[in-house]
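**Student:** got a predicted structure plus its sequence, pasted below:
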Amino acid sequence: MLPRFGLALLLAGLGSVPSLAQEASLASVVTFDTVCLQCHEGECSGRLALRTEKNPEGVANHVKGYAGAQSTSTVLELKALIAGLKRDCRLPPPPVALPPDGRWTPAMLSALTLPDQTRLFVPLGVLAPGNQRLSLASAGGAARVRVQVLAQNFDIVVDEEAALNPGGTVAWRADESSTYFLRLMAKTPLGAVSVSNQSVAK
Ligand code: HEC
């Protein structure tokens, strides 16, 4: 009870944030991880301080510029996620269960995709150090895609182009035991994407 109460007070003090960061909707977390994090990831531990405090309208316009027009409650959720990032120094994982076999179907990925379908963000789970093989496929979407794999501490361990439609693979290496995440980005809709990551025996 006490920490939640304290946090609520703190957030109220920072300016009208009605919900706690962990209550952000899945859609807001996906927008945050695919779009906002790209510039704001340096803001934890004061590694980078973007000092300009914007008024609520300014924040809404700023968000609109990068993620399209959003409802007031979504803008507040995104602001709370920024506050959480500064406080916790870790990216907010999309609140979804991982498939036990590591295979994400288009139906599972649709909730992890932006409404305009150009980006998606997928938790790959906790991986032990070792070689990994990422398989991508899409029906009816972009032919190629920018692939980023991020560790929990924001380190980008993969940033490269790969074939998506009909399919492609990316070989990569997990250097340390961490939770990893996949970000896919394209200029045109990704289509019905399937993703699977498997650890590869040496
Ligand atoms: C291309 C880089 C970029 C992207 C993408 C971006 N921002 Fe920002 N943001 C900035 C910069 C630079 C500032 C500080 C200067 C200013 O106020 O414009 C800032 C300031 C802010 C501020 C006020 C200062 C603070 O740290 O509290 C908020 C809130 C914010 N951004 C939220 C977001 C959200 C939410 C998203 C995702 C929809 C987002 N930003 C996407 C670059 C970006």
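**Tutor:** That came in fine, so what should we check first?
**Student:** the helices in the protein, which residues?
**Tutor:** For the chain, the helices defined by DSSP state H occupy 2-15, 26-31, 37-40, 56-67, 72-88, 106-109.
**Student:** quick check: buried residues in the third one?
**Tutor:** Spelled out, that is helix 37-40. Leu37, His40 (16 or more other C-beta atoms under 10 Å). C-beta coordinates here come from the backbone N, C-alpha and C atoms, glycine included.
**Student:** if we can go back for a sec, of the helices of the chain, which approaches Glu176 most closely?
**Tutor:** helix 72-88 (19.3 Å; C-beta to C-beta).
**Student:** domain-wise, how is the chain divided?
**Tutor:** 2-88, 103-200 (automatic domain parsing).
**Student:** highest mean neighbour count out of the ones you listed?
**Tutor:** Ranked by mean neighbour count, the domains of the chain are led by domain 103-200 with a mean of 17 (mean count of other C-beta atoms under 10 Å).
**Student:** so what's Cys36 closest to, chain neighbours aside?
**Tutor:** In space, not counting the residues next to it along the chain, Cys36 is nearest to Leu78; the distance is 6.4 Å by C-beta to C-beta, 6 or more residues apart in numbering.
**Student:** how close does the one you found get to Leu182?
**Tutor:** From Leu78 across to Leu182, the span is 21 Å (C-beta to C-beta, to the nearest Å).
**Student:** who are the neighbours in contact with the residue most central in space within the chain?
**Tutor:** Nearest to the mean C-alpha position of the chain, by C-alpha atoms, centre = their mean, lies Asp33 at 2.5 Å. Counting by C-beta atoms under 8 Å, 6 or more residues apart in numbering, Asp33 touches Leu91, Pro92, Pro94, Phe121, Phe181, Arg183.
**Student:** among those residues, list the two that are farthest apart in space.
**Tutor:** Within the contacts of Asp33, two members stand farthest from each other by C-beta to C-beta: Pro92 and Arg183, at 13.5 Å.
**Student:** quick one on the thing from earlier: which single one of the contacts of Asp33 is nearest to Asn131?
**Tutor:** Using C-beta to C-beta, these come closest to Asn131 at Phe181, 18.2 Å.
**Student:** what sits against the closest one?
**Tutor:** Asp33, Leu91, Pro93, Phe121, Val122, Pro123, Leu124, Val149, Leu150, Ala151, Gln152.
**Student:** partners of the spatially closest residue to Ala151 that is not a sequence neighbour in the sheet?
**Tutor:** Among residues not flanking Ala151 along the chain, Ser178 sits closest, at 4.5 Å (C-beta to C-beta, 6+ apart). Beta-bridge partners for Ser178, by DSSP bridges, are Leu127.
**Student:** how close does Ser178 sit to the ligand?
**Tutor:** Using C-beta to the nearest ligand atom, to the nearest Å, Ser178 is found at 24 Å from the ligand.
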